[in-house]
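Engineer: heads up, no residue letters with this:
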């Protein structure tokens, strides 16, 4: 059974700082790895999706990397802003017969202080 | 166009009451998912529909939980005889294709926050 762990559980940084969020997964046979953002009282917004054959994806100030063999992914946020404050969730999408399933970590609660 | 919508947004139920949660996916989306998110946890998979067919219900916690999508669009998650441990946010997500055919992410609704007293 796939298990996804996110470290740290919470992070507080001053505005402008670069930061890294970590995600690890136990079963490397994944279809893809996704990063989502969740704001209080709202649903999930997709940030980046990395296919299993890819090593990284970039969108604006966000860069996500994937190392399938070691079961790790990182989300790098450059020049953080107060508007980046949210919970960040990573999710591993299974392969094989259950390639539709997303297994989520518990998330990292990010606070960017002005 | 409109995103995934869910109703009600908030529901307070007395223990033992039955509840029904509705999900309107993005028009034309084939695949639909339900997730349960307890406080401080990540979402957990409940069930998956492809059109009107429920292909996987392995995540439903008990036989008190039932989901349907009779016409392949709107879906309803029903919880019978609610218990306090059912308190959570219930998220619905949809995707255009059959999941697994492309590297497409799921589009999530805002969720229904259920509180069982």
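Structural biologist: In hand now; what should we look at? Model, not experiment: these values are computed from the prediction.
Engineer: C-alpha only now, for contacts and for neighbours.
Structural biologist: Fine.
Engineer: any weak-confidence spans in chain A?
Structural biologist: By pLDDT under 70, the weakly predicted segments of chain A are A:96-97.
Engineer: Next one, pLDDT for the closest residue to residue B:57 other than its chain neighbours please.
Structural biologist: Using Cα to Cα, 6 or more residues apart in numbering or on different chains and skipping residues adjacent in sequence, the residue nearest residue B:57 is residue B:47, 4.3 Å away. Note on residue B:47: pLDDT of 97.
Engineer: quick one: contacts for residue B:47?
Structural biologist: Counting by Cα atoms under 8 Å, 6 or more residues apart in numbering or on different chains, residue B:47 touches B:33, B:34, B:35, B:54, B:55, B:56, B:57, B:58, B:59, B:60, B:67.
Engineer: in its sheet, what does the helix or strand hosting residue A:31 sit against?
Structural biologist: Here residue A:31, judged by DSSP states H and E, is contained in strand A:30-38. Next to strand A:30-38 in the sheet, as set by DSSP bridges, lie strand A:44-51 (antiparallel), strand A:86-94 (antiparallel).
Engineer: what does the longest one rub up against?
Structural biologist: Judged by Cα under 8 Å, 6+ apart, the contacts made with strand A:86-94 from elsewhere in the structure are A:4, A:6, A:23, A:25, A:29-40, A:99-111, B:42.
Engineer: repeat that for 7 Å
Structural biologist: Applying Cα atoms under 7 Å, 6 or more residues apart in numbering or on different chains, the contact partners of strand A:86-94 are A:23, A:29-39, A:99-111.
Engineer: still on that earlier bit, list the contacts of the strand holding residue A:31.
Structural biologist: So strand A:30-38 is contacted by A:44-52, A:86-95, A:99 (Cα under 7 Å, 6+ apart).
Engineer: circling back to that earlier point, is it true that the residue nearest to residue B:57 lies in a strand?
Structural biologist: Yes - residue state for residue B:47 (DSSP: H, G, I helix; E, B strand; the rest coil) corresponds to a strand.
Engineer: who's it bridged to?
Structural biologist: Bridge pairing for residue B:47 - DSSP bridges - gives residue B:34.
Engineer: now it: how far from residue B:58?
Structural biologist: Using Cα to Cα, to the nearest Å, residue B:47 is found at 7 Å from residue B:58.
Engineer: Kindly report the same for residue A:79.
Structural biologist: In terms of Cα to Cα, residue A:79 sits 42 Å off from residue B:58.
Engineer: So which of these two has more stuff around it?
Structural biologist: More crowded of residue A:79 and residue B:58, by other Cα atoms under 10 Å in any protein chain shown: residue A:79, with 14 against 11.
Engineer: which residue packs closest to that one, ignoring adjacent ones?
Structural biologist: residue A:16 (4.2 Å).
Engineer: ok now do that neighbour, which residues does it touch?
Structural biologist: Shown in contact with residue A:16 (Cα under 7 Å, 6+ apart): A:79, A:80, A:81.
Engineer: Over to residue B:11?
Structural biologist: B:113, B:114, B:115.
Engineer: That concludes my questions; thank you for your assistance.
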